[in-house]
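Asker: Structure for the following, please:
(2 chains)
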2 protein chains.
Amino acid sequence: MCQNEDESVRKERLEKQGDKNVISEKMRPYLANNSAIRMMFEEGKKMAELYGADKVYDFSLGNPNVPAPQKVNQAIKEILDEEDPLFVHGYMSNAGYPQVRAAIAENLNQRFGTNFTERNLIMTVGAGSGLNVALKTVLDPGDEVLTVAPYFLEYRAYVTNYDGVLVTVEPDEETFQISAEAFAAKISAKTKAVIINNPNNPTGVVYSEDTIRALAAVLEEKQSEYGHAIYLISDEPYRELVFDGAAIPFVTKYYKNTMVVYSYSKSLSLPGERIGYLLIPDELEESEMTIDAATIANRISGCVNAPSLIQLAVGRCVDCQADLAFYDKNRRALYEGLTDMGFTCVRPQGAFYLWMKVPVKQTEAGTVKSPVEAETEFVQAAKKYHILIVPGSSFACPGYVRIAYCVSYETIMNALPEFKKLAEEFSL
Amino acid sequence: MCQNEDESVRKERLEKQGDKNVISEKMRPYLANNSAIRMMFEEGKKMAELYGADKVYDFSLGNPNVPAPQKVNQAIKEILDEEDPLFVHGYMSNAGYPQVRAAIAENLNQRFGTNFTERNLIMTVGAGSGLNVALKTVLDPGDEVLTVAPYFLEYRAYVTNYDGVLVTVEPDEETFQISAEAFAAKISAKTKAVIINNPNNPTGVVYSEDTIRALAAVLEEKQSEYGHAIYLISDEPYRELVFDGAAIPFVTKYYKNTMVVYSYSKSLSLPGERIGYLLIPDELEESEMTIDAATIANRISGCVNAPSLIQLAVGRCVDCQADLAFYDKNRRALYEGLTDMGFTCVRPQGAFYLWMKVPVKQTEAGTVKSPVEAETEFVQAAKKYHILIVPGSSFACPGYVRIAYCVSYETIMNALPEFKKLAEEFSL
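Answerer: Numbers count the residues shown, from 1 in each chain, chains lettered A, B, ... in the order given. From the prediction side, this is the model:
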């Protein structure tokens, strides 16, 4: 047998097959369709190189522009000075340091009148991992997970990781609150979970107590109808970022089969550190078993546990406040500036995103553009003025754009005149 | 419709179903069969409370007893003092900070004569995540992944995460080197990958250059035979922990379709920090596409990126050395002590584990105990002397025990007299 000949035959075959044989079938669609937000991020970096960072108005990424509270870095240094390095950098229980979880539980109990203990918390590698752990714990192949558009597109990937099917509920475009009826219409015998994101990325809407109550009632009814648990997974990385005195209803108090996913990415400006938690209350059906299973899911996902030093640090910073004034100033300036120009925006109550309806050019009378065409034209036009924003299609809701205002105040002030030109181009 | 009645009917049905309806089918076996190593860890803590920590000889967990090099904590503090918190704690490219990856690539090139760039490295949440990212990138359901017994049992979970099938290759119990022939016999058209762990947990064996060459030759031949890539995934968290001047062959130089998984858990004593990398060389088939896919896999797994501050810190510590002298002293004391007593041990050349053949009690002449019975009896007997060790079954290789000597030297010195009693009980 001639090894060289075989090798060349094999190469030829591989070339014919193209990429079919190399990457797993499940991963291939992602390669073709890489995250639009991240591409925008790269584009922003390039434009900044070309025109100078202060001449590019990058509103594309949810990367906080407020530094982490000083107390976080101080806590890290204190931990390094005070604690045994074997403790600081070593393995702990897969669910996380008991004392960190106890501190977080205590803080939640004080603020929300709940009764959590360390046992209800599993520290995770950010909210992304928290969601994956929750889904891995409960999803069987073919199970349906509902979420309402517009939504963070990674939810689809997370659900697909466990061979679940993400089912999209149409938005209420008046208020962007959740319509319980719209959810009810999509729930089937296959529905295992519902993901909500409160405050919402990308709309900036905070779901009201009425919204949560109505959704809980629908879920209770459907649980009874189908005879199995339907989990409400509440993804709350923006929980601390609310304005105008809006209150976030703590969902475990309204619906027993709730899991809460949290991250310190936004509230403490630690997105790169990957630190958050999954909360499973005692009220959840078979909570003991579910907590055990989720802890194992966290381990076998390969994460093993949430990173240790930063875990200890957030445990010392449970009382830290996000810099709400920073975001609020941005929010007001941007919302007022843009609505004054004639743009139609949802008034943001939480998170750090502004959701704007895309204006449609009226030059060619009679032709009606599709929402996707309209948003593509608008996003491209914005780039002429060095404004980077994310099209609504990236959140499964075309005809809108998301403007992330977690940037510096100067960026907003300097961008407003450019937005004005954009408004004029679109005859507002 | 009476809601209360429905509710009670539902409860009854749920009670009948037991846990069937709550946890996903795939997760259920893990609940029943929780990690033996971790259970031992908990047992150790309990025994330490009962008898005092210095009277319990816990050799069960690979949790380094050597503190992280001072340079690591120093680097963390310097980064906090010198760098912008938005940079230190913020999002970076999903693959990790380019400068950290460049520093690691440069260090590998210097030591191993390779030609890596930052592009070949994806920073991961420890080696556990690195393995999961690699497997998620290439595995389709039903694909087989080979590994040789004894092996780290989490491999089975990691492969199962992507609906792959772990196929075990029988060990060469003479040397615990890999038998290329034994691998060849198990490779089929369905084989997509082979996982090796070098230096090996639990045997402490370092695979020789001859072993790697022979394995590479078999894999080349089988790739030609089946016309598709077979990936060699080399899991190397113990790469820096080798003794007696043993050299670790850098596997990418021997076989093109190699991916290397690394962790700083052991070399820098940072197991809780979850920091490591996945290396995909240019020589790998369709390496560009594979690197892109692995970067996306890292993102959509929910990890998003490796934790930022500790990532920057290891980037400044690429030249740090593990405290080899500490482990070597332990290794010699334990190996010599135990072999002098008559125990049969594999002489460890790497990692921090000693692999011992379980002696079989000779009291009842004529009865032959199975390896599982023998190891269970031995592990139980050891507990009487407050010695905690892990049975070989936890590594799919009954009839042996693993003794993790990453403990303090005092633990080893104090444990040896107890091991002596154990030896006497087993008539050695």
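
Asker: just checking, A:Thr147 is part of a strand?
Answerer: Yes - A:Thr147 forms part of a strand when assessed by DSSP: H, G, I helix; E, B strand; the rest coil.

Asker: Regarding stretch A:240-253, how distant is the last residue from the first?
Answerer: Start-to-end span of stretch A:240-253 (Cα to Cα, to the nearest Å) is 18 Å.

Asker: State the distance from A:Glu78 to A:Val88.
Answerer: 11 Å (Cβ to Cβ, to the nearest Å). C-betas here are computed from N, CA, C, even on glycine.

Asker: And the pLDDT for the closest residue to chain B within the stretch 151-300 of chain A?
Answerer: Residue nearest to chain B within the stretch 151-300 of chain A: A:Gly272 (3.1 Å; Cβ to the nearest Cβ). On pLDDT, A:Gly272 comes in at 97.

Asker: what's near enough to touch it?
Answerer: By Cβ atoms under 8 Å, 6 or more residues apart in numbering or on different chains, the residues touching A:Gly272 are B:88-92, B:305, B:307-309, B:311.

Asker: just these that are near chain A?
Answerer: Restricting the contacts of A:Gly272 to those near chain A by Cβ under 8 Å from any Cβ of the partner chain leaves B:88-92, B:305, B:307-309, B:311.

Asker: Let me have these in JSON lines, adding neighbour count and distance to B:Gln70 as columns.
Answerer: Listed next are these as JSON lines, based on neighbours: other Cβ atoms under 10 Å in any protein chain shown; distance: Cβ to Cβ, whole Å:
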{"residue": "B:Val88", "neighbour count": "23", "distance to B:Gln70": "20"}
{"residue": "B:His89", "neighbour count": "28", "distance to B:Gln70": "23"}
{"residue": "B:Gly90", "neighbour count": "21", "distance to B:Gln70": "27"}
{"residue": "B:Tyr91", "neighbour count": "18", "distance to B:Gln70": "29"}
{"residue": "B:Met92", "neighbour count": "21", "distance to B:Gln70": "26"}
{"residue": "B:Asn305", "neighbour count": "27", "distance to B:Gln70": "27"}
{"residue": "B:Pro307", "neighbour count": "29", "distance to B:Gln70": "20"}
{"residue": "B:Ser308", "neighbour count": "26", "distance to B:Gln70": "21"}
{"residue": "B:Leu309", "neighbour count": "25", "distance to B:Gln70": "17"}
{"residue": "B:Gln311", "neighbour count": "27", "distance to B:Gln70": "19"}
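
Asker: how about JSON lines for these, with secondary structure added?
Answerer: Formatted as JSON lines, these follow (three-state DSSP):
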{"residue": "B:Val88", "secondary structure": "helix"}
{"residue": "B:His89", "secondary structure": "coil"}
{"residue": "B:Gly90", "secondary structure": "coil"}
{"residue": "B:Tyr91", "secondary structure": "coil"}
{"residue": "B:Met92", "secondary structure": "coil"}
{"residue": "B:Asn305", "secondary structure": "coil"}
{"residue": "B:Pro307", "secondary structure": "coil"}
{"residue": "B:Ser308", "secondary structure": "helix"}
{"residue": "B:Leu309", "secondary structure": "helix"}
{"residue": "B:Gln311", "secondary structure": "helix"}
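
Asker: of all the residues you listed, which comes closest to B:Ala381?
Answerer: B:Pro307 (42.1 Å; Cβ to Cβ).

Asker: so what pLDDT did the closest one get?
Answerer: Confidence at B:Pro307, expressed as pLDDT, is 98.

Asker: re earlier: got the contacts of A:Gly272 as JSON lines, with distance to A:Phe326 columns?
Answerer: Output for the contacts of A:Gly272, formatted as JSON lines (distance: Cβ to Cβ, whole Å):
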{"residue": "B:Val88", "distance to A:Phe326": "18"}
{"residue": "B:His89", "distance to A:Phe326": "16"}
{"residue": "B:Gly90", "distance to A:Phe326": "15"}
{"residue": "B:Tyr91", "distance to A:Phe326": "18"}
{"residue": "B:Met92", "distance to A:Phe326": "22"}
{"residue": "B:Asn305", "distance to A:Phe326": "24"}
{"residue": "B:Pro307", "distance to A:Phe326": "25"}
{"residue": "B:Ser308", "distance to A:Phe326": "21"}
{"residue": "B:Leu309", "distance to A:Phe326": "22"}
{"residue": "B:Gln311", "distance to A:Phe326": "26"}
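
Asker: Helices along the stretch 151-300 of chain A, start to end?
Answerer: Per DSSP state H, counting those that start in this stretch, the stretch 151-300 of chain A carries helices over the ranges A:154-161, A:180-186, A:209-226, A:287-298.
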